[in-house]
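Colleague: predicted model and sequence below, questions to follow.
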Amino acid sequence: HLVLKDFDYDSEKEFELATESIVCGKNHLFITTREGKVFAYGDNRHGQLGLGDSVKRLKTISKWIHFENSVIEVWCGSHHTIMRRNYCTLFGFGRNGHFQLGLPHANATFSPEEIKGINGAELTHVACSYYQTIFITKPVYINDQLNDEGYSHVYL
């Protein structure tokens, strides 16, 4: 159990957060809390913080990203981020020149954009590296028949 202390400059009060995870990219990081809040910090020139702009956030980590549903997990590559809201809904943002966000274009994305290529399959693993992301899903059954002779899908 890690307790994060930060300062809210708007209210001029210190606050504590019970962190769930801390993940890092090359020059950015995300902190998730047990309450489902997500805080972004660091370099943002490619939109990897998902805040809708390319402004660096270096003075405080108290800028949090609001989603209607809680965030379950976050993964960071060098200049991109993948975020999961439930077992089959993923969002990507940041640099995408090598299609590392799993989106149908190679443009940088400055706000979270839903990754639709998973087709509702339940994710078992996600991993990011420098310019890559891998998604592995559970096998999908259609009309009580296992697809692809029982293999999970792997998306690169």
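Modeller: That came through fine. Numbers count the residues shown, from 1 in each chain.
Colleague: okay, and for the protein, where does confidence drop off?
Modeller: 1-17, 59-69, 87-88, 119-120, 140-156 (pLDDT under 70).
Colleague: just the strands in it please.
Modeller: Shown for the chain, the strands assigned by DSSP state E span residues 2-8, 13-24, 28-33, 38-42, 64-65, 73-76, 80-86, 89-94, 109-115, 123-128, 133-137, 141-142, 145-146, 154-155.
Colleague: helices and strands around the third one, which ones?
Modeller: Read that as strand 28-33. strand 13-24, strand 38-42, strand 73-76 (3 or more C-beta pairs under 8 Å, 6 or more residues apart in numbering; DSSP states H and E). Just so you know, the C-beta spots here come from the backbone N, C-alpha and C atoms, and that holds for glycine as well.
Colleague: just put those strands in a markdown table and tack on distance to K138 and mean neighbour count.
Modeller: As requested, the helices and strands packed on strand 28-33 are arranged in a markdown table below (distance: least, C-beta to C-beta, whole Å; neighbours: other C-beta atoms under 10 Å):
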| stretch | distance to K138 | mean neighbour count |
| --- | --- | --- |
| strand 13-24 | 22 | 13 |
| strand 38-42 | 25 | 21 |
| strand 73-76 | 16 | 21 |
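Colleague: nearest to T137 among those would be which one?
Modeller: Closest approach to T137 among the helices and strands packed on strand 28-33 (C-beta to C-beta): strand 73-76, 14.5 Å.
Colleague: got the CA positions of that closest one in CSV?
Modeller: Presented in CSV, the C-alpha positions along strand 73-76 are these (Å, rounded to 0.1, in the frame of the first residue of the first chain):
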residue,chain,number,x,y,z
GLU,A,73,-5.3,-0.7,-15.9
VAL,A,74,-2.8,1.5,-17.8
TRP,A,75,0.2,0.5,-19.9
CYS,A,76,2.9,2.9,-21.3
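Colleague: still on that earlier bit, between the helices and strands packed on strand 28-33, which one is closest to T89.
Modeller: That would be strand 73-76 among the helices and strands packed on strand 28-33, by C-beta to C-beta, at 11.3 Å.
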